[in-house]
Each structure stands twice: as structure tokens, then as C-alpha cells.
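A.B. asks: Everything below, folded, please.
(chains A and B)
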There are 2 protein chains.
Amino acid sequence: MKHFVVGVDIGGTNVKLGIVDPSGKMVARSAFSTKDFIRSPRALIDAVCANVLALLAQEGIAKARVAGVGIGLPGLVDVKKGVVRILPNIPGWSEVPLKRVLEKKLGLAVQLENDVNMITLGEWVYGAGKGMNDLICMTLGTGVGAGLILDGRIYRGPGFAAGEIGHVPMTEDRSAICGCGSWGCFERYVGNQSLQEEAARLFDRANISLEEVSSKAVKGEKKALGFWAAVGEKVALGLIGPINILNPRCVIIGGGVARSFALMKPAIEKVIKSRCMKTQAEMVRFVKARLDDSAGIIGAEVLIRHEKR
Amino acid sequence: MKHFVVGVDIGGTNVKLGIVDPSGKMVARSAFSTKDFIRSPRALIDAVCANVLALLAQEGIAKARVAGVGIGLPGLVDVKKGVVRILPNIPGWSEVPLKRVLEKKLGLAVQLENDVNMITLGEWVYGAGKGMNDLICMTLGTGVGAGLILDGRIYRGPGFAAGEIGHVPMTEDRSAICGCGSWGCFERYVGNQSLQEEAARLFDRANISLEEVSSKAVKGEKKALGFWAAVGEKVALGLIGPINILNPRCVIIGGGVARSFALMKPAIEKVIKSRCMKTQAEMVRFVKARLDDSAGIIGAEVLIRHEKR
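C.D. replies: The predicted structure is shown next:
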């Protein structure tokens, strides 16, 4: 019986791999550094193959017992054709027919997916979104993105580019230039870089980390508590539009900043309650992502075995 | 053969009715004033029934040839239960089990739908959205709303409240109070009231109509052309977020202000091209609604005969 799924989460820093069983449990995992294989797509593809096969061998799992391999990628992926269109942070990846190449090399069924969508699939079925048909799964980190589950299916958009919640305009401040070419984007206010600059200003120390500001807040330091309440408020301001448009049952918040979710939650709920439309405000719940950095691997199980296409 | 569908478009001013054939053509229509029957839901329901039956009799169409009746309503509708939850502009309508009541009275299958969603269904299948699986159908009028077709299905949200594009925040200007209880909403900048105030200011005449400003622009008057370009720019600013999130193939623009669509279109396209993400900007097209005030009746044909539920 094709019992297992292999998940591969390709990031700009690390490639993480895992074997997932039909209950969504990761039974084995490994990782390697992306940098060592960044010189060409071919080098990275070979490393992915070698590591997938090594992990299966290590666990004594024959290919016949593997339903497929799900690959999460940090960029634009044509899920239907199985082509990586572009990876902004990994050079050389443009229109790579990765599904076909990997299937030939591995002798296993392969599905590609955008990394944030993969996390969304994992959180939806096995994490914070269990049992819900309509949700936004937002990742707060260097970048700010989201995956959308609508009417019980992942919504990717016809160009596989949906969910770009980080690029909802918040202001018309032209000095808040964004990497996307626009300005005033949500990401410019709640992305890690902005939060770190804000923390450095507030605590008058250039090298203060967001983790340290969290620790201070947990200890009850007023200034740190105020910092996270202000972040929560900004996060909520960016969510008013998406929530009014999509009327989701929940917003899952993941990514590095989600470590401070409990410190932000009251401010988020207060803003949404007062600013969103009645039905939307009453229905939506805010929850912390549950699968941490496993979501992008566990999501492969959903992609390969559950999702209707 | 159950050939025909009856569409009923209930508005705050008029109730419009029509008989639609399987090609989406309206073969007969009638209308009556809402005000004459506004004293109670029962009075309005009786008037709807009498007018539906009269129109069928007039056309010599037996009930056996009618597949169903689709009712569009200006408010929150539980489409699954067939209950009108609330109509903000028609008093007394709260939790009315309209589907059940009408089916009993008419002896015909009845489906309820929100009016903007009904327009969206009509434009999608028989109007400006033909052949597209992913679109936003926006109505610009006193209120600003939208219907969403995503992955080839209408997306209503779990509370039937999705599509509230008019309540995406554009600014944090607290003086721009909105009827929804929030402030700075898109509707506050592109709703009819704001546009009329802006026109009155610009032309220094309190009673100037938007139609007149359109006529002036069509004649080439610079000030009027500038007015519509500025409206187009504001419309586009409100669409950046929804387009980045949903990656639609097209945005259909309807409602009274859409009469001036051609005057706004270049400004809309310019802003979206420079401010939206690359894939989204390249894919999206802006089109004028095609079915005018018939969309809300023709949509009933889609609701009753085509839509998978």
C-alpha cells in the first residue's frame, strides 16, 4: 500500500525533507544547506534527489510504499504544468520543468507547490485550521504572504499568484517603497525589517532582536508590551480588507513573528471587531500556526493524497 | 421541458421581474414600485407572487415549463437555508424564510441570492465575464460591492458576506466615517455621494449630476476629463489589494458610474500596471458590465440551472 508521502521544503537557506504518514505525522526528517548547491538548478535538483532517496533508504521504506513527493518552493510555481516559473531568491530558476525532471530521476509521482500554499495545506488539514473550509493562513517574516482555503479548496488564482496579502496598500506614503515596485504595502509595515528598525528605535539599540523584545514583554516590561500591541494593531489594519472581502472563519498566523502571537492577539481582535463588517467580525477567529516549520513538509501529504484537482 | 427561469430583482426602489430562456435571453419583463408594498415583508411577498404569476400568464408559459425562480435581494441572504437574514434598506426583513414561503405560494422551486452575487452570475455566464473562471464583478453606485467568481464557482464565504470590496480601508482618516462603522473605506471615496460632492466642488454647482460631468467629458472638456481620470485612479487604488490577493483574470465594473467606464479605464490600467504585482498586473483586464440592469434577472438563470452546489 502506498502509505507514505515525502515532503521537501526548499528555502533560500535550507532544504528540509520529511516522510509523512497518513495521519499527518512526520516519521523521519533531514535537511541540508541550500547554499552548497545554489550554483545551478541541476546541482540543487541532484541534491534533493540524493537526500530523498537517502532518507527513504535510512527508514527502510521502499518506493512502492510512497504515494508521491510534494515539493514546496519559494516563488511562482505553475502547479498544473509542474513548472517552477521563478524563484526570486535562488538564482537560475526560471521556467524549470521540475516535476518532469524529478519524476524521471526519482521514479516517484511529484507535485510542486508554492511554499506558503504548502504550509497552508498542512495547517488546514493537520494544524490550526482543522475542520474549517474557509481560512487565510498568513506567514509573517521577512516577507508577508498568505495561502487561501476557500470553500474547502486551496485557491491559487489562474496565474498561481493569489494570496499576496503583503502587498495590500496601507498608505500612499511614497517613501515606504516596497520590493514589489509599489509603495505603502502591508509588508513594509509588518515585515521583519520594519519591525526590527522599530524595535531598535524604541529601545535605542541597533542590535536588539525581536526575540528579545518578546522576552521582555513576557516578563511584563511595558515598553515591550506596547511594541507588540502596536504590531498587532498594524497586522489587524492589513487584515481588515482581506477579511471583509473573503469572510473567512479564521486567520492563521505563522512565521517567525508568530512566536509573539499571544502578545499581539488582543490588539488584533480589538481592531477587527471595531473595523470589520458585522458578519465578518463575528465569524473570524485568530489562531497561531501549530505545525511550526514542519507545516511545509506535512502539507505535502495533503497535496499528494487529499487535495482534489 | 422545464425551459424557463424567472428572475426577480428586489431593490429598495423597484422590483424588476423577467423570464429568461436557456440562452440567457430575457423574453419578457415587468416591474413594480417597492414603496407601495414596503409596509411588511408579507405585502412585498404577495406582490412578488402576483407579479410572477401575472408575467407567466401574460406570456402563456405554464408552471410545468419553469425550472425555478431566482430572487436577488439587497442584503444578507443565507443561500443554503433560503433565509433572508437582513435587508438594511427595507424595514422588517429579518430572518425571513423566504424560499419556503415563496415555494409554497408559487408552487415553483425558488433560490435566493444576494443582488450583487446575482449580477455577478449573470455577467459571468452571459455578459462581460464569459469564459472566465476567476473574476471580480464590482458595482459602483451609492454602495460599492462585488461578487467573486473563483475557480469557476461563486464564492460567498461561510457567512454569505464575502465580496465587501467597498469596505477595504484606503486611509486612516477618521473624518471619513463610513456607514459600516469603520472609516477610510473605499466606498467613502468612490461611492456616488463622494463623487457627487467632488463634482459639485469642482464645478462649483451643487446640483451637477455625474451624468452631466460624463457628457462634458465626452465633449472633451478638460475639467470633466480630469474628474473621471481622478475617479479611475481612486477606483484603481481600491483594487490593488483585491487584485494582489485574488489574481483575477478580469474585473468587471458595473453600476451607475460604469456609464463613464471608458473615461476611467486608462487611469485604472495605469495605476494597476505600476502598483500591482507583476503576474497579477499582466493577467488582469478591466471590462465594463454588459447586461446593465438586466444582469440581476439574467443571473437567476445561472443560479437555477448552471451553478453547482
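A.B. asks: secondary structure element for the residue most central in space within chain A?
C.D. replies: By C-alpha atoms, centre = their mean, chain A has its centre lying nearest to residue A:116, at 3.2 Å. Using DSSP states H and E, residue A:116 maps to helix A:115-126.
A.B. asks: and stretch A:94-102, does that touch chain B?
C.D. replies: No. Contact between stretch A:94-102 and chain B is absent, the nearest approach being 13.2 Å (criterion: C-beta under 8 Å from any C-beta of the partner chain). Quick note: C-beta positions are derived from backbone N, CA and C, even for glycine.
A.B. asks: Can you list the buried residues in that stretch?
C.D. replies: For stretch A:94-102, the neighbour count (16 or more other C-beta atoms under 10 Å in any protein chain shown) marks A:96, A:98, A:99, A:101, A:102 as buried.
A.B. asks: what do you get for stretch A:255-274?
C.D. replies: Neighbour-count burial for stretch A:255-274, counted by 16+ other C-beta under 10 Å, picks out A:255, A:257-258, A:260-261, A:263-265, A:267-269, A:271-272.
A.B. asks: Switch those residues over to TSV; also include secondary structure.
C.D. replies: Shown next, in TSV, are these (DSSP: H, G, I helix; E, B strand; the rest coil):
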residue	secondary structure
A:255	coil
A:257	helix
A:258	helix
A:260	helix
A:261	helix
A:263	helix
A:264	helix
A:265	helix
A:267	helix
A:268	helix
A:269	helix
A:271	helix
A:272	helix
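A.B. asks: Give me the buried stretch members for stretch A:176-191, please.
C.D. replies: Using 16+ other C-beta under 10 Å as the test for burial, stretch A:176-191 gives A:176, A:178, A:180, A:182-191.
A.B. asks: which one is the closest residue to chain B within the stretch 201-309 of chain A nearest to, not counting chain neighbours?
C.D. replies: Residue nearest to chain B within the stretch 201-309 of chain A: residue A:247 (2.9 Å; C-beta to the nearest C-beta). Nearest in space to residue A:247, with sequence neighbours left out and distances taken as C-beta to C-beta, 6 or more residues apart in numbering or on different chains, is residue B:157 at 2.9 Å.
A.B. asks: which SS state does the one you found fall under?
C.D. replies: Three-state call for residue B:157 (three-state DSSP): coil.
A.B. asks: Next: residue A:71.
C.D. replies: In three-state terms, and counting by three-state DSSP, residue A:71 is strand.
A.B. asks: Quickly note the distance from residue A:13 to residue A:218.
C.D. replies: Distance from residue A:13 to residue A:218, counting by C-beta to C-beta, to the nearest Å: 27 Å.
A.B. asks: quick one, which of the two is more surrounded?
C.D. replies: Between residue A:13 and residue A:218, counted using other C-beta atoms under 10 Å in any protein chain shown, residue A:218 has the larger neighbour count: 14 against 10.
A.B. asks: In the stretch 201-309 of chain A, where is pLDDT below threshold?
C.D. replies: A:307-309 (pLDDT under 70).
A.B. asks: can you do 80?
C.D. replies: Along the stretch 201-309 of chain A, the model assigns pLDDT under 80 to residues A:306-309.
A.B. asks: Enumerate the residues of it near chain B.
C.D. replies: Counting by C-beta under 8 Å from any C-beta, the residues of the stretch 201-309 of chain A that sit close to chain B are A:237, A:240-242, A:244-249, A:274-280, A:282-283.
A.B. asks: distance between the helix holding residue A:116 and the chain's centre?
C.D. replies: 8 Å (C-alpha atoms, centre = their mean, to the nearest Å).
A.B. asks: Give me the helices and strands touching it, please.
C.D. replies: Judged by 3 or more C-beta pairs under 8 Å, 6 or more residues apart in numbering or on different chains; DSSP states H and E, helix A:115-126 is in contact with strand A:4-10, strand A:66-73, strand A:135-140, strand A:144-150, strand A:153-155, strand A:250-254, helix A:295-301.
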